[in-house]
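In: I would like the atomic coordinates for the input below:
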Amino acid sequence: MKINWNYIKGLFLAALVVFLYGFSHKKNSTQKVHDISIEFEKGDNLFMNYDMVNKLLIQNGKTVKNQAKSVIDLQKFEAKVLAHPMVEDASVYLTVDGLLKTKIKQRTPIARITTNSSSYYIDRQAKVMPLSSNHSARTLLVSGNIKEEDSKKIYQLASTILSDEFLKKQIIGVQKMQNNEFVLMTRIGGQIILIGKIEDLKQKFENLKSFFNKTLADNTIDNYTTINLKYNNQVVCTKK
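Out: A predicted model of the protein is given here:
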């Protein structure tokens, strides 16, 4: 009877692979978390600090450091970090050598809202973001009679202003009036700009830029106190 050595070698190798896998899995499951690493994307201007994130990485009332890797609930940790109102995106994972890594992308505020009762940011995804004691963002300031349902309108207005280099430098504040119309404050000249409702913004701002280009060129910008963009395709101004 001829012995098929290739078949025997194959069985031996398969058994060896199963043994090594089982040994590696057992060793990996009993290995402990030796440290925690927290990494912020674009690490400047941190609204969160490392201690705030560490408090989210608590399991069974204690830190995960020195706990076995096999008992770490990565999905739960990632969900807790993602649920934080200052976090836009996050990932939590374990390395082979027992390091728990957390990578965080913070939200990017585009406007700071101030009302009689509260103050908060609206971010680039039109979501509400709380203020931080660690860092204050330089954003467009929005005040007035603001309600929760106004967030999308304010996002539309702020993102339109910030997408234009001229407007971004010239518009320094927004006020919402009780009639649901908006007023803008300018950096140069100190004029009040009446834009009315959040509609036809592109045309209104094109008219505004044309007005500024003309009056800045002939040095007449300081002659005006109010710039009214509420009327269809018109710029109506009030002189001093």
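
In: All the strands of this protein, in order from the start?
Out: According to DSSP state E, the chain carries its strands in the segments 35-40, 58-59, 62-63, 87-94, 99-106, 109-114, 119-123, 128-130, 140-144, 171-176, 182-186, 192-196, 224-228, 236-239.

In: looking at the ones you listed, which is buried most?
Out: strand 109-114 (a mean of 22; mean count of other Cβ atoms under 10 Å). In short, each C-beta sits where N, CA and C put it, glycine included.

In: Spell out which strands sit alongside that one in the sheet and which way each one runs.
Out: Here strand 109-114 has these sheet partners by DSSP bridges: strand 119-123 (antiparallel), strand 140-144 (parallel).

In: tilt between the last one and strand 171-176?
Out: If I follow you right, that is strand 140-144. 20 degrees (axes from the mean of the first three to the mean of the last three Cα atoms, to 10 degrees).

In: And for strand 140-144, what's in contact with it?
Out: 110-115, 122, 154, 158, 161-162, 171-177 (Cβ atoms under 8 Å, 6 or more residues apart in numbering).

In: Export the strands paired with strand 109-114 as a markdown table, with columns for distance to D222.
Out: Shown next, in a markdown table, are the strands paired with strand 109-114 (distance: least, Cβ to Cβ, whole Å):
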| stretch | distance to D222 |
| --- | --- |
| strand 119-123 | 32 |
| strand 140-144 | 23 |
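
In: how about those strands, which one is nearest K62?
Out: strand 119-123 (32.6 Å; Cβ to Cβ).

In: Now do the closest one and strand 99-106, the angle between them.
Out: Using the same axes, to 10 degrees: strand 119-123 against strand 99-106 is 100 degrees.

In: outside of strand 119-123, which residues touch it?
Out: Taking Cβ under 8 Å, 6+ apart as the rule, strand 119-123 contacts 88, 107-113, 128-131, 137, 139, 142, 151, 154-155, 158.

In: JSON lines please, covering the strands of the chain and showing mean pLDDT and distance to L74.
Out: Shown next, in JSON lines, are the strands of the chain (pLDDT from 0 to 100; distance: least, Cβ to Cβ, whole Å):
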{"stretch": "strand 35-40", "mean pLDDT": "90", "distance to L74": "13"}
{"stretch": "strand 58-59", "mean pLDDT": "82", "distance to L74": "10"}
{"stretch": "strand 62-63", "mean pLDDT": "82", "distance to L74": "15"}
{"stretch": "strand 87-94", "mean pLDDT": "93", "distance to L74": "5"}
{"stretch": "strand 99-106", "mean pLDDT": "92", "distance to L74": "9"}
{"stretch": "strand 109-114", "mean pLDDT": "94", "distance to L74": "29"}
{"stretch": "strand 119-123", "mean pLDDT": "94", "distance to L74": "26"}
{"stretch": "strand 128-130", "mean pLDDT": "93", "distance to L74": "25"}
{"stretch": "strand 140-144", "mean pLDDT": "93", "distance to L74": "38"}
{"stretch": "strand 171-176", "mean pLDDT": "92", "distance to L74": "42"}
{"stretch": "strand 182-186", "mean pLDDT": "92", "distance to L74": "45"}
{"stretch": "strand 192-196", "mean pLDDT": "92", "distance to L74": "48"}
{"stretch": "strand 224-228", "mean pLDDT": "90", "distance to L74": "55"}
{"stretch": "strand 236-239", "mean pLDDT": "85", "distance to L74": "60"}
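
In: Of those, which is nearest T215?
Out: strand 224-228 (7.2 Å).

In: Can you tell me what sits against that closest one?
Out: 189, 191-194, 208, 211, 215, 235-240.

In: so how far is S91 from the nearest residue to Q67 once chain neighbours are set aside?
Out: Distances taken as Cβ to Cβ, 6 or more residues apart in numbering put V33 closest to Q67, at 5.6 Å, once the chain neighbours are dropped. For V33, the distance to S91 equals 16 Å [Cβ to Cβ, to the nearest Å].
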